[in-house]
Structures are given as structure tokens and as C-alpha cells.
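K.L.:
build the 3D model from these lines:
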Amino acid sequence: MRPRYRRKLRLLRLPLEWFGVFLGLAFFVFLPRRALLAFCDFVSMIMYAFDRRGKGYAKENLAIMYGELPRDYRKIIRRSYRNMARTVGYAFWTCIRGKKRAAASGTMAEGCVKFLTENRPAVTVSGHIGCWEILSQLAFLQGHRMMSVAKSIGSKGMTRLLMAARRSIGQEIVPADGAFRLLMSGIKEGKSLGLLVDQAVDPRDGGVWVKFFSRPVPVSAAPAFFAAKSKTPIIIAWSRPLKDGRWRCEKIATYGWQDAKDIWKMTQRCMLDIERTVRRHPSCWVLNYRYFRKKIKNEDLAALERRCAEFR
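P.N.:
Residues are numbered from 1 along each chain as shown. Presented below is the predicted three-dimensional model:
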């Protein structure tokens with residue numbers, strides 16, 4: 001798509017974005033939790049019906065994960081849309097009475113509680129699986145001063161509004177641009193970090209090439225870097241959806257700061273841990289995202305293959 005057409009689409013999209021934010025802040029926050037989930041489920045059905053491009057990305061991702069499309073791929077994709085809608089709705093819903101609502105909406109498994117009790121600060125790592133918004137909130141309720149990174153979403157005004165909403169529970173949200181110094185200062189002050197690593201990050205912006213579902217992808221090396229520099233342990237976790245509409249934060253793996261001395265190996269471990277969880281729970285993952293859109297150069301691919309051979 002040509003740049004001028006992209007600009008026109010962004011301009012046309014702005015009113016819809018602001019209407020969505022207004023709806024979230026003026027409507028979602030006053031719904032009871034079950035009503036919120038029901039409304040999000042309704043929205044997810046509309047999204048599934050009309051988002052042809054997103055469903056195409058979802059099918060591509062599932063085919064990469066399993067080598068072919070599973071027979072029940074439509075069911076998996078529908079549930080993925082539902083999980084995403086519930087997570088976004090929950091983010092708006094906790095704009096008011098955030099602590100109380102987070103405590104009522106999620107629990108933390110014993111392994112997570114034990115790790116977070118024994119390790120302050122900590123580098124907490126996850127992907128866009130389950131309700132990623134609640135993970136840092138539950139860690140905050142465990143007594144951790146949390147810092148998370150937020151990328152720009154839509155217009156600058158909408159991004160500022162969403163970031164302000166996400167700060168309501170007490171955690172610190174910093175913009176992705178210029179986040180390095182703020183996060184480094186924060187962890188030195190004893191603040192824990194909440195980082196998501198399953199998005200494409202250009203190597204020019206600090207990404208490193210790793211294997212994810214056997215495909216090369218560039219992802220953030222921030223968890224390994226901050227753990228190594230600050231001598232802080234890492235926990236990889238996710239929030240499992242429960243039948244009653246709540247979530248439970250569960251540990252996937254933990255690592256000492258010494259494991260992060262090799263930045264690439266630690267980053268690869270993080271992605272493999274998330275990969276195993278996604279394989280078991282594909283409908284909990286955001287499937288309509290182009291995780292594998294970045295193309296790797298031949299020399300980078302050769303270097304990655306050598307590293308992977310040594311890693312095994």
C-alpha cells in the first residue's frame with residue numbers, strides 16, 4: 001500500500017479510534033464483570049465476522065505452528081478473538097477501582113507467588129497469551145513496584161489516554177521510545193519490569209534474531225539485557241483463562257541472572273518457553289498478528305543457524 005493511501009486510512013480511522021476509547025472509558029468501566037465479558041464476546045464475534053485480513057494472518061500462524069491447518073482452526077481462531085477482546089475490555093474496565101477489580105479477576109499460582117516473594121526486583125516476561133494486562137497488575141498486588149512498556153496505538157492522543165488508563169492501578173507505564181534509560185533507572189531503584197517479547201522488533205531498534213516455531217524472528221532482547229546488567233532473576237509466566245471468566249497467573253520457567261549473561265541464549269530460551277505454552281493453548285494467543293513478517297538477510301540467517309546448532 002502506498003504511503004499516501006496509508007495516511008488517508010489513518011485519518012479516516014481516527015474518529016473510530018476515539019469513539020472506541022470513549023466507549024471503553026464511558027461504558028466498559030461501569031459494567032459488572034460478567035456483563036463486561038458478555039459484551040466483549042459479542043464484539044469478538046463481530047470482529048471475527050468482518051476481519052478478513054486478521055483471519056488470514058491467524059490461518060498463516062496456525063499453519064506455521066503445526067505444519068498445516070488443524071481441522072478445528074476456525075474454532076481456535078474464534079476463541080483467539082474472544083480472548084483478545086476480553087483482554088482489551090479488561091484493560092479499560094480496570095481504569096477505575098483497579099486494585100479491587102484486578103484482585104477479583106485473577107489469582108496467582110503458588111509457584112509465581114513464591115518466586116515474587118523471594119525475588120524483588122524481578123524481570124517478569126510473557127507474550128500476548130491469556131490476559132497479558134493482568135500479569136503486571138497481580139505482581140503489583142504482590143508488593144512489586146512494576147514498570148511496563150507500551151507501544152504507540154493509533155493516534156498520539158489515544159496512546160496517551162490508554163497509557164494513563166493503564167497507570168490507574170499504580171504501575172508505571174513508559175512509552176517504547178526512550179524506554180531503555182527509564183527501565184534501567186527503575187530496576188536499579190528496585191522496581192520490577194513487566195515485558196512482552198513475542199512481537200517483531202527490528203534489529204536496528206534492539207531486536208535479535210531467534211527461532212520461533214522454527215522460523216527466524218527478530219524480538220526484543222530487553223529481558224536478558226536488564227537481567228544481566230542488574231543481576232536480577234527472570235520469571236516467564238502467562239495468565240490462563242478460567243471457566244468462570246477470571247485468569248490465573250502461572251509460572252512457565254524461571255532463570256537466574258547468570259543465565260542471562262549470554263543475551264542471545266536467554267532470549268532464545270524465553271521464546272522457546274512461550275512457544276511451548278502457545279502450542280498447548282493456541283486459542284489463548286493473539287493469532288491475528290504478523291509475527292513472521294520480517295525478512296532475514298542471508299548472512300544473519302547463517303549466523304542464526306550456527307547459534308541454534310550450538311544452542312542445542
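K.L.:
assign the closest residue in space to Arg215 that isn't next to it in sequence to helix, strand or coil.
P.N.:
Computed as C-beta to C-beta, 6 or more residues apart in numbering, the closest residue to Arg215 that is not its neighbour in sequence is Phe292, at 5.2 Å. Heads up, the C-betas are built off the backbone N, CA and C, glycines and all. Look at Phe292: counting by DSSP: H, G, I helix; E, B strand; the rest coil, its state is coil.
K.L.:
list the contacts of Phe292.
P.N.:
60-61, 64, 212, 215, 217 (C-beta atoms under 8 Å, 6 or more residues apart in numbering).
K.L.:
the residues you listed in helices, which ones?
P.N.:
Using DSSP state H, 60-61, 64 are the members of these that sit in helices.
K.L.:
host element of Tyr90?
P.N.:
helix 73-93 (DSSP states H and E).
K.L.:
dump that helix to CSV, restricted to CA.
P.N.:
Extracted as CSV, the C-alpha positions of helix 73-93 are listed here (Å, rounded to 0.1, in the frame of the first residue of the first chain):
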residue,chain,number,x,y,z
TYR,A,73,-8.8,-24.0,13.1
ARG,A,74,-12.0,-21.9,12.9
LYS,A,75,-12.8,-22.7,16.5
ILE,A,76,-9.3,-21.9,17.6
ILE,A,77,-9.4,-18.5,15.7
ARG,A,78,-12.8,-17.6,17.1
ARG,A,79,-11.6,-18.3,20.7
SER,A,80,-8.4,-16.2,20.0
TYR,A,81,-10.6,-13.3,19.0
ARG,A,82,-12.6,-13.7,22.2
ASN,A,83,-9.5,-13.8,24.3
MET,A,84,-8.2,-10.7,22.7
ALA,A,85,-11.5,-8.8,23.1
ARG,A,86,-11.7,-9.8,26.8
THR,A,87,-8.2,-8.6,27.5
VAL,A,88,-8.7,-5.2,25.8
GLY,A,89,-12.1,-4.8,27.6
TYR,A,90,-10.5,-5.8,30.9
ALA,A,91,-7.8,-3.1,30.4
PHE,A,92,-10.5,-0.4,30.1
TRP,A,93,-12.5,-1.9,32.9
